[in-house]
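J.: just a sequence and a predicted model for now, questions to come.
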Amino acid sequence: MRNEQPSMERHHGLTKEQIEQEFQQQNRLLEKIYESGMQAYIQDTPDVNKAFNLSDRDLRCIDEGTPGGLHGAGSGILLGSGTAAKIYKPAGVTGVYSHEGCGAAALYAKEKGLPADEADELGRQFAQELAAKLGVPYQGHISFGQMRRPEAPHIARVAYYDGTGSFDYSKIKELPPGFIISRRWLPEGNAQQELKIAIDIALGQHGFGGLIDDKNPFVISPIGNQDLTVEDLAQEIQSLAAEYGGRVKVDGFSAPDRRERESN
Ligand SMILES: [Zn+2]
């Protein structure tokens, strides 16, 4: 809506100065990643295997504020509950969450011509409906206070395009916060759609916006293993990334081998 109030006024978001501080703080990690590349960065990170050991298999949003478990934009709201149930059943989802201030739920409301202030309720209803279809509990509505980001803006400078379905950046402090797209379970086309949502948020007014530029690009990081290789994942998102020019770069890595042994 054109007459929408800026999010700074609606929410207890960060001030312009705090946003710049947060960006600079993340530069300590991002500059190392730009310099060495993700693969070397990951190899140099102690205990990185911990980032591949999920604490649960509950479905959450791709939002960088809701790490852990498995992920779908708005917990799958854009897929519809029938398709989402078909996709996430084989993933062994154990529960479904919704969350406050969900961009995917807002997009869903917009697509359906519904008021923006109903988005949270729509997200909640969808998560409950999907949980019922999967025969698992609805785990609740994650509040801003429980999320690993400020109310506004999004602070993700990375989107993890996860071919392993087991990645949780929040387990390791050296990993920058990022959107997590569970490509392991989502068909290519749906995963690309979710990735586009993530990039548009990060580069737009609900994210770091203009701070993300050619010198400080947003990173899409495909995470590969022997089934979905980092090269194949990188290839399938290359043309989407190219639409954003120098503001987005693709830099993936292979999951550490030890994780495969541990999870079997
Ligand atoms: Zn969300």
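T.: Happy to help now that I have it. Residues are numbered from 1 along each chain as shown.
J.: which bits of the stretch 1-150 of the chain sit near the ion?
T.: Cys61, Asp63, Cys102, Ala104 (Cβ under 5 Å from the ion). Placement of C-beta: from N, CA and C, glycine included.
J.: before we move on, what SS does Gln160 have?
T.: Let me fix one detail, which is that residue 160 is Tyr and not Gln. strand (DSSP: H, G, I helix; E, B strand; the rest coil).
J.: what's across from it in the sheet?
T.: Ile180, Ser221 (DSSP bridges).
J.: okay, and Leu30 sits in which element?
T.: Using DSSP states H and E, Leu30 maps to helix 16-36.
J.: also Gly140?
T.: Per DSSP H and E, Gly140 falls inside strand 138-142.
J.: what of Ser166?
T.: Per DSSP H and E, there is no helix or strand for Ser166.
J.: would you check how far apart the residue lying closest to it once chain neighbours are set aside and Tyr41 are?
T.: The shortest distance from Ser166 to any non-neighbouring residue, by Cβ to Cβ, 6 or more residues apart in numbering, is to Phe52 (4.9 Å). Going from Phe52 to Tyr41 by Cβ to Cβ, to the nearest Å gives 15 Å.
J.: of those two, who's got more company?
T.: Phe52 (23 against 20; other Cβ atoms under 10 Å).
J.: burial count for His71?
T.: His71: 28 neighbours (other Cβ under 10 Å).
J.: let me see the contact set for it.
T.: Leu59, Arg60, Cys61, Ile62, Asp162, Ile180, Ile181, Ser182 (Cβ atoms under 8 Å, 6 or more residues apart in numbering).
J.: contacts for the following helix or strand past the helix holding Leu30, please.
T.: Where DSSP H and E defines the elements, the next helix or strand beyond helix 16-36 is helix 38-43. Helix 38-43 has contacts (Cβ under 8 Å, 6+ apart) with Lys32, Ile33, Val48, Val219, Ser221, Asp251, Gly252, Phe253, Ser254, Pro256.
J.: show me those residues that map onto helices.
T.: Lys32, Ile33 (DSSP state H).
J.: just the buried residues of the contacts of helix 38-43.
T.: Lys32, Ile33, Val48, Val219, Ser221, Asp251, Gly252, Phe253, Ser254, Pro256 (16 or more other Cβ atoms under 10 Å).
J.: tell me how far the nearest residue to the first one once chain neighbours are set aside lies from the ion.
T.: Meaning Lys32. With sequence-adjacent residues excluded and distances taken as Cβ to Cβ, 6+ apart, Lys32 is closest to Tyr41, at 6.0 Å. To the ion, Tyr41 is 27 Å away according to Cβ to the ion, to the nearest Å.
J.: His154 against Ile199, yeah?
T.: No - taking contacts as Cβ atoms under 8 Å, His154 lies outside contact range of Ile199: 11.0 Å.
J.: surely Gly72 meets Leu186?
T.: Yes - assessed by Cβ under 8 Å, Gly72 is found in contact with Leu186 at 6.9 Å.
J.: overlap of the contact sets of those two?
T.: Ile87, Glu194.
J.: quick one: the strands in this structure, in order.
T.: 58-60, 70-71, 95-99, 138-142, 158-162, 178-181, 218-224, 248-250, 253-254 (DSSP state E).
J.: could these go into CSV alongside distance to Leu122 and mean pLDDT?
T.: Output for these, formatted as CSV (distance: least, Cβ to Cβ, whole Å; pLDDT from 0 to 100):
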stretch, distance to Leu122, mean pLDDT
strand 58-60, 16, 98
strand 70-71, 19, 98
strand 95-99, 9, 98
strand 138-142, 12, 98
strand 158-162, 24, 98
strand 178-181, 20, 98
strand 218-224, 28, 98
strand 248-250, 29, 98
strand 253-254, 36, 98
